[in-house]
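> here you go, sequence then predicted model.
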Amino acid sequence: MADRADRNQTNDIPEEDNTETLELIGPQLPPSPCAQCHTTADPLTSCSKCDTTSYCSKICQNLHWLEHKYSCRLGRPLDQADDFILACQREEFPTDDLVAKAFGFLYFASSNGRRRIFHIYCQLVNVHGVTEDELREAWRSNKLKEFLLFRGSQIPSSALQRDMRWLHQQEGFATGAEYEIEENFKSQLHLVEPRDRKIPFDQWEPREKLETYVFFYQILNGFVPDADEDNWILLGFCTARDNRGINMLATLYRMLIDRCKFQEFWKAMERSDMVGLFEHYGLGHAIAELRNFNHLMKAVGTWYQSVWELKRFTRLPMANPMQAAALDYGFDKCQTPRERMALRQMYAEFFARGGDEMGLHQACIDGQLASFLRSELRELPVSDDLLSNPYPLERCRHMGMVVENAISCSESNYDFVKRLYDERGEKAVILTHPDEQDEAMSEGMIERLQFLGGSARFRKTEFQGGTFREMETMC
C-alpha cells in the first residue's frame, strides 16, 4: 500500500481532467471532514470543478480522485474503464456485466479463472503502476492480452511471471470474449460410450451416468454442485461445514477423476460405493477426515437421512421443505408463516455454526429435537411442541430417511419381494413391517417417503399369501 500511496502523490490525474480539478480554490467551507482522510482541521477547500467535496490538501484530493470522479462533472461520460479501475483500486471484484465482458472475465467458465485474472489486473494497477488510460486504450483497441503480457514481462516478480505463463495459455482471452457453455458441455462426449453420444442427454440410463457427466464438466471447470442440484447430496457436498470444506472436497474429487475412468465413477455412484472408489485410488485416508461424508455416501444411492433435505431447504428460496423433512423437523405443525420462518431461521443458524448434521438426525429419530437444539443454540425461538415428531418408533428402519423407490411389505413376505426385485434387476429399498401391523399404517409409512422434486406413483401388488406396496418417483 505504501508504493501505491507514493505513486498517487506524485502522479497527476489524466490530462483531460487535471487542470481545474486539482486546483484548490474557493473560500473556506463550513466544518466538514476531508473526503479522503476525514480530518476536520482547517483549512478545508473544495474541488473547483463541482464545489461539492472538501479536501485538506492536494495529496488527499489526488488520492480520492478515482472515487470522486463518479460524482464530479468530468466533461465526458463515465465508461467501463472508470468502473473497472475503481474496482481494482478497491480490490472488489467487478459485478457489472458490461465491465466483466469488457475486460475479459466472461471468457472464463470457472470462478478460479476469473479470480486469477482479476488478481493480475490488481497487481498491475495497484503495485506496478498501470494507469487508467493504458487500460482504456487496451480495451478499446481489443489488445488486452497483448498489453497485460507486455507489461507483465517488464516486472521481475516470480509470482507474476507464473500468472503471465498461465495467461499466455488462455488462447481465447480478449475484450468481450465469452465462454460457450453449450459447446464446452458437449466437448467431453468422448468420455462416454459411442452409443450414448447418439442420443439426447436426458435419455441416458441409468441416471447416474448423466449426473456423472454433469459433475465432470463442473469439477473440470472449477465449479461445484449447489444446493439446488441432485449432486449436492448424491456426491456429499451437503456434508461440508463451510466453503473451506466444499473446496477441500472438490479438490479430492478432482484428484479422483484424474485417476479413474468415467464409467468407473458412475457405476460407483449407482452402487453407492463412492467411498470404495476413493479407497481404491489411494484417497481413503483423505475422505475419512470429512465429517459425515463416508456415512452418507455408503447409503445415498438407496436412501439418506432427511436432515440433508432440511439443510437444503435452509439454503434455497423454497416455501416448504420436502414432505419427509417437514414431518421430521416440525414444519408440518406450523400454523402461520411467522412460525415457519422462525423454525427455518433456527435450523439455518444451527448449520451456519457448523452443527453436526448426524447429531441433529439422531436427536430427530430419538424424539429429542428440542433438548438437542437447546444444548446447541441455548435459546429457541419456537415452542417445544413445534419440535415434536412421531419418533421414536419401534422396529422401524426408515425413521428419518428419504428414498426414491421403496417397497413396503410384511416381514413374512420379505424373501419373496427381494427375490422378485433381484430378478427384475431394479433398485429399491424394501421396508418391512410386522405382520400384525394394519394396512392403513403400511400405506402411511410408504407415503411419507416421497422424494423431493416430483410426484410419486404408488402401486399395490397382490400375490398368494399377501400384498406389497411400491412407490416410484416421477420427475
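Yep, it's here.
> so for stretch 371-378, mean pLDDT?
Averaged over stretch 371-378, pLDDT sits at 94.
> who touches it?
The contact list for stretch 371-378, computed with CB atoms under 8 Å, 6 or more residues apart in numbering, reads 346, 349-350, 353, 355, 359-360, 363, 380, 387. Bear in mind the C-beta positions are built from the backbone N, C-alpha and C, glycine included.
> kindly report the same for stretch 106-122.
84, 88, 91, 93-94, 97, 100, 103-105, 148, 152, 160, 163-164, 166-167, 170, 172-174, 176-179, 181, 184, 221-223.
> state the number of residues packed around Asn142.
If you count neighbours by other CB atoms under 10 Å, Asn142 ends up with 12.
> my bad, Gly330
Gly330 has 26 neighbours, counted by other CB under 10 Å.
> swap in Trp166?
With other CB under 10 Å as criterion, Trp166 counts 13.
> for it, pull up the helix or strand it's in.
Per DSSP states H and E, Trp166 falls inside helix 158-169.
> average model confidence for that helix?
88.
> could you do stretch 242-254 as well?
If you average the pLDDT over stretch 242-254, you get 93.
> which parts of it are buried?
Going by neighbour count (16 or more other CB atoms under 10 Å), the buried part of stretch 242-254 is 245-246, 248-250, 252-253.
> same deal with stretch 225-244?
Within stretch 225-244, the residues scored as buried using 16+ other CB under 10 Å are 225, 227, 229-241.
> got it, and stretch 277-296?
The neighbour-count check on stretch 277-296 (16+ other CB under 10 Å) flags 277-278, 283, 287, 290, 292-296 as buried.
> before we move on, what about stretch 375-388?
Burial within stretch 375-388, assessed by neighbour count using 16+ other CB under 10 Å, is assigned to 376, 380, 382, 386-387.
> and which of those residues is nearest Met341?
The nearest member of these to Met341, counting by CB to CB, is Val382 at 10.2 Å.
> if we can go back for a sec, and the contacts of stretch 371-378, which are buried?
Taking 16+ other CB under 10 Å as the criterion, what is buried in the contacts of stretch 371-378 is 346, 350, 355, 360, 363, 380, 387.
> quick one on the thing from earlier: off-centre distance for the helix holding Trp166?
Centre-to-centre, helix 158-169 and its host chain are 28 Å apart (CA atoms, centre = their mean, to the nearest Å).
> what's in contact with it?
Here helix 158-169 makes contact (CB under 8 Å, 6+ apart) with 116-117, 119-120, 123, 128, 145, 148-149, 152-153, 155, 173.
> domain parsing for this structure?
Listed domain ranges for the chain are 2-68, 80-169, 186-294, 305-387, 404-474 (source: automatic domain parsing).
> would you turn these into CSV with distance to His398?
Shown next, in CSV, are those (distance: least, CB to CB, whole Å):
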stretch, distance to His398
domain 2-68, 60
domain 80-169, 39
domain 186-294, 16
domain 305-387, 9
domain 404-474, 5
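> and of those, who's closest to Glu394?
Judged by CB to CB, the one of these that comes nearest to Glu394 is domain 404-474, at 9.1 Å.
> now, which of the buried residues of stretch 375-388 lie within strands?
Among those, the subset assigned to strands under DSSP state E is empty.
> which one of those residues sits closest to Glu411?
Relative to Glu411, and with distances defined as CB to CB, the nearest of these is Leu387, at 31.7 Å.
> show me what contacts the closest one?
Applying CB under 8 Å, 6+ apart to Leu387 gives the contacts 329-330, 369-370, 373, 380.
> just the ones of the residues you listed in helices?
Of the contacts of Leu387, the ones assigned to helices by DSSP state H are 369-370, 373.
> and which of the buried ones among the contacts of stretch 371-378 is nearest Thr336?
For those, the minimum distance to Thr336 (CB to CB) is 15.2 Å, reached by Met346.
> ok, the closest one to His280 distance?
To His280, Met346 is 41 Å away according to CB to CB, to the nearest Å.
> what helix or strand is Ile295 located in?
Not quite, residue 295 is His, not Ile. His295 is part of helix 293-297 when elements are defined by DSSP H and E.
> what average pLDDT does that helix get?
Helix 293-297 comes out with an average pLDDT of 93.
> neighbouring contacts of it?
Contacts of helix 293-297 (CB under 8 Å, 6+ apart): 233, 235-236, 238-239, 249, 272, 274-275, 287-288, 304-305, 308, 358.
> so where's the stretch 101-250 of the chain uncertain?
Across the stretch 101-250 of the chain, the ranges flagged by pLDDT under 70 are 110-111, 180-184.
> switch to 50 and redo it
Scanning the stretch 101-250 of the chain for pLDDT under 50 picks out nothing.
> which parts of it are helices?
In the stretch 101-250 of the chain, the helices defined using DSSP state H, counting those that start in this stretch lie at 111-122, 132-140, 144-153, 158-169, 181-186, 194-197, 207-220, 230-234, 243-259.
> closest to Thr336 out of those?
Among these, helix 230-234 sits nearest to Thr336 (CB to CB), with 29.6 Å.
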